[in-house]
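In: sequence-free structure coming up:
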């Protein structure tokens, strides 16, 4: 009986002290690491990002378009797969509260009339004033919570006439889990 009570007490203590955890994106680059909060308000884009990161989809790709005071864009370059294959398209999830501010992470797309996202391509807003002209046209599904100095360094590299870095900036995109305490230690709190 005493042993059973001990297990019950231990279970109660563990239950009450367990912290909530949060899944987020981690983008490792030669310039440093970027930590991305993924919004629950855009569940399909969040699920898609987690799926592609877990499958290692981006791990052989690069930041293929970098423009100072605009964005760092990574993932699938402008290929038919990214813009025409239904497997790689998502319906938009616009949310007035999620805007293109400095550090916003959004889904790329071409000029399709339904504004379908190319889920294999993402960008990070690097303009400190934001890019509000994109609000309501491109889905914002996350925000950089650590590593904007890395994004600033990425968009500052030498690039060619189509804004592709002269030296490729590789991607290693993963999903990591952080506790509230870990996020507080990073200087950020979950929203």
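Out: Looks like it arrived, so ask away. Worth saying up front: this structure is predicted, and the values here are computed from it rather than measured.

In: Tell me if I am right that residue 154 is in a helix.
Out: Yes: assessed by DSSP: H, G, I helix; E, B strand; the rest coil, residue 154 belongs to a helix.

In: what's around it, how many residues?
Out: Neighbours of residue 154 under the rule other Cβ atoms under 10 Å: 24. Where you see a C-beta, it was placed from the backbone N, CA and C, and this is true even at glycine.

In: do the same with the one 3 residues further on
Out: Using other Cβ under 10 Å, the number of residues around residue 157 comes to 16.

In: Skip the chain neighbours and tell me the closest residue to it.
Out: Leaving aside its sequence neighbours, residue 157 sits nearest to residue 165 (Cβ to Cβ, 6 or more residues apart in numbering; 4.9 Å).

In: can you check residue 46 too?
Out: Distances taken as Cβ to Cβ, 6+ apart place residue 38 nearest to residue 46, at 4.5 Å, with adjacent residues excluded.

In: so where do the strands sit in this structure?
Out: With DSSP state E as the criterion, the chain has strands at 21-29, 32-38, 62-67, 71-75, 89-90, 104-107, 117-118, 121-125, 140-146, 172-179.

In: Serialize those strands to CSV and add fields for distance to residue 55.
Out: Below are those laid out as CSV (distance: least, Cβ to Cβ, whole Å):
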stretch, distance to residue 55
strand 21-29, 13
strand 32-38, 16
strand 62-67, 17
strand 71-75, 13
strand 89-90, 16
strand 104-107, 17
strand 117-118, 16
strand 121-125, 15
strand 140-146, 17
strand 172-179, 10
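
In: OK, contacts around residue 145?
Out: Taking Cβ atoms under 8 Å, 6 or more residues apart in numbering, we find residue 145 in contact with 24, 35-37, 103, 183, 186, 188.
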